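Peer 1: Just the structure for this:
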Amino acid sequence: MNEQTPHAPSRRQALGAAAAVGAGLGAGALGGPSAGTAEAAVPAPASAPAGTVAAPSRRGATMAGVPFERRSTVRVGIVGFGNRGGSMIGHFLSLPGVRVTAVCDPVRDKAARASAKVTAAGQPAPALYTNGENDYEKLCARSDVDLVYVATPWDSHFAIARAAMLNGKHVGVECPVAMRLDELWDLVDLSEQTRRHCMQLENCCYGRNEMRVLRMAHAGKFGRLLHGAGAYNHDLRGLLFSPTYYEGPWRRLWHTRMRGDLYPNHGFGPVATYMDVNRGDRAVSISSFGTPALGLAEYREANVASGDPSWKESYTGSDRTISLVQTARGRVIRLEHDVSTPHPYSRVNSLGGTRGVFEDYPARVYIEPDHQDDRWGDFSAYAAEFDHWLWKDHANPPGAHGGMDYLMVYRLMQCMRLGLTPDFDVYDAAVWTAPLPLSDASIKAKGAPQEIPDFTRGEWAAARSGVDSVKPA
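Peer 2: The predicted structure is shown next:
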């Protein structure tokens, strides 16, 4: 979607919504895992972070474990056709039992190109919504849409997800699902009240390495889990200053507003899944630190003409943020974010326990008794036994990012058609996104720990299935 220079994000002002449920506040008692879990509980830190408050009262039943309604055809409305939405529509169109019935983007040419893809796939022409930034509201109100897929600039994610659920639609949102803690709580409450799923579409959870490590972890290959790490370290300097890649400067401008981890989901999602966060463990606090903001200004000086509007911008976002997340069972997760300095791409993606460790980029593993003499082992040797059934069924999935985009869409559509519980729910979306505002607060407080709310309101202690589910018959 098109976006001019954004104001400080406040979705309630834009929508005229109800009063905030506690902007910027953490929530919930720390608690421990339920009796009978595979690993003994490790006590949570003795002192909770400052500012601990009770979770808002639940106004609807939990959405944990709630299946979709079974349907023969999933009707999808797509909002946003920049780089992400334009590339993802093909995956929806490639699957049987899926129809794209409506598309929305204020840039009419982008919506028209999306419509042409729909008709080229042999489907009826979708309804077009191109009348300004808020035309998504009409798409969400349609009776022939079951799922709203959101691929717009970050600042609009919350508003569109909210409109979708209020109109009785399930919604899948690209990262991050929202930008503020009060918005995350609102999405949790709305999902519970409307009985609609609100999902963070975290494609990295469907990566082949990530899914293999997940199955190995759940099989006990790493022993009792102790630590993990994830990151989004991706040199985006050229794209952030490109006049054509993004629709306006919206993504770069976030580096003028916040110092924290702007994109925690790609790193946090897979590691949280390995550790059964929200399914037997939970993230309780985060401490973050950030470097000076130098990279974007230096790149601009070397590569951008002096008359460019970007020269009016002052960058305050840390070039690299490093965060430590503590879980209720005493585990530690390290998160990193760096899009402003030169370096090879890495999501870090590591997991360690009492029997061994996996590290990615490059993929390597050391597990006792399989390996010895402090020498890394061949991770591919575990493919036959531990590759996820999604990867066994789709050995060479199409599309970008090594095929994980396709598998994410395939699996979501499968769950909706068969009436299965989604692999990830609104609680996962909220927890994976919470480091965004909380890391900013921690860095500004010189690393002081910030509480990660218990968005599940106590449901996290119960073990339940997720993406490591059994292949449907």
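Peer 1: ranges for the strands of this structure?
Peer 2: Using DSSP state E, the strands of the chain run over 74-79, 98-104, 127-129, 147-150, 170-173, 198-200, 225-233, 283-290, 321-327, 332-338, 350-353, 356-359, 364-367, 450-451.
Peer 1: can these go into JSON lines with extra columns for mean pLDDT?
Peer 2: Compiled in JSON lines, those are given as follows (pLDDT from 0 to 100):
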{"stretch": "strand 74-79", "mean pLDDT": "98"}
{"stretch": "strand 98-104", "mean pLDDT": "98"}
{"stretch": "strand 127-129", "mean pLDDT": "98"}
{"stretch": "strand 147-150", "mean pLDDT": "98"}
{"stretch": "strand 170-173", "mean pLDDT": "98"}
{"stretch": "strand 198-200", "mean pLDDT": "98"}
{"stretch": "strand 225-233", "mean pLDDT": "98"}
{"stretch": "strand 283-290", "mean pLDDT": "98"}
{"stretch": "strand 321-327", "mean pLDDT": "98"}
{"stretch": "strand 332-338", "mean pLDDT": "98"}
{"stretch": "strand 350-353", "mean pLDDT": "98"}
{"stretch": "strand 356-359", "mean pLDDT": "98"}
{"stretch": "strand 364-367", "mean pLDDT": "98"}
{"stretch": "strand 450-451", "mean pLDDT": "98"}
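Peer 1: Could you point out which of the ones you listed sits nearest Ala302?
Peer 2: Taking CB to CB, strand 332-338 is the member of these nearest to Ala302, at 18.3 Å. Any C-beta I mention is one placed from the backbone N, CA and C, and that applies to glycine too.
Peer 1: Pairing partners for the closest one, with directions?
Peer 2: strand 225-233 (parallel), strand 321-327 (antiparallel) (DSSP bridges).
Peer 1: what angle do it and strand 283-290 make?
Peer 2: Taking axes from the mean of the first three to the mean of the last three CA atoms, to 10 degrees, strand 332-338 and strand 283-290 form an angle of 40 degrees between their directions.
Peer 1: mind giving me the domain split of this protein?
Peer 2: 65-200, 207-390+425-461 (automatic domain parsing).
Peer 1: From start to finish, how long is the first one in a straight line?
Peer 2: Using CA to CA, to the nearest Å, the span of domain 65-200 from its first residue to its last is 16 Å.
Peer 1: so how far is it off the chain centroid?
Peer 2: Remark: domain 65-200 is offset 16 Å from the chain centroid, using CA atoms, centre = their mean, to the nearest Å.
Peer 1: ok, now the longest one?
Peer 2: Offset of domain 207-390+425-461 from its chain centre (CA atoms, centre = their mean): 10 Å.
Peer 1: Pull up the distance across it, start to finish.
Peer 2: OK, domain 207-390+425-461 end separation, CA to CA: 26 Å.
Peer 1: mind checking how far the most far-flung residue of the chain relative to its centre is from Tyr366?
Peer 2: For the chain, the largest distance from the centre (CA atoms, centre = their mean) belongs to Asp373, which lies 37.9 Å off. Distance of Asp373 to Tyr366, computed by CB to CB, to the nearest Å: 10 Å.
Peer 1: which residues sit in contact with the closest residue to Val277 other than its chain neighbours?
Peer 2: Once flanking residues are discounted, Val277 sits nearest to Ala283: 5.7 Å by CB to CB, 6 or more residues apart in numbering. Contact analysis of Ala283 by CB atoms under 8 Å, 6 or more residues apart in numbering lists Ala272, Val277, Val325, Gln326, Thr327, Ile333, Val431, Ala434, Ile452.
Peer 1: would you list those residues in CSV and tack on distance to Tyr345 and neighbour count?
Peer 2: CSV is the format used below for the contacts of Ala283 (distance: CB to CB, whole Å; neighbours: other CB atoms under 10 Å):
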residue, distance to Tyr345, neighbour count
Ala272, 21, 28
Val277, 25, 28
Val325, 22, 31
Gln326, 28, 21
Thr327, 27, 26
Ile333, 20, 25
Val431, 25, 27
Ala434, 25, 25
Ile452, 27, 25
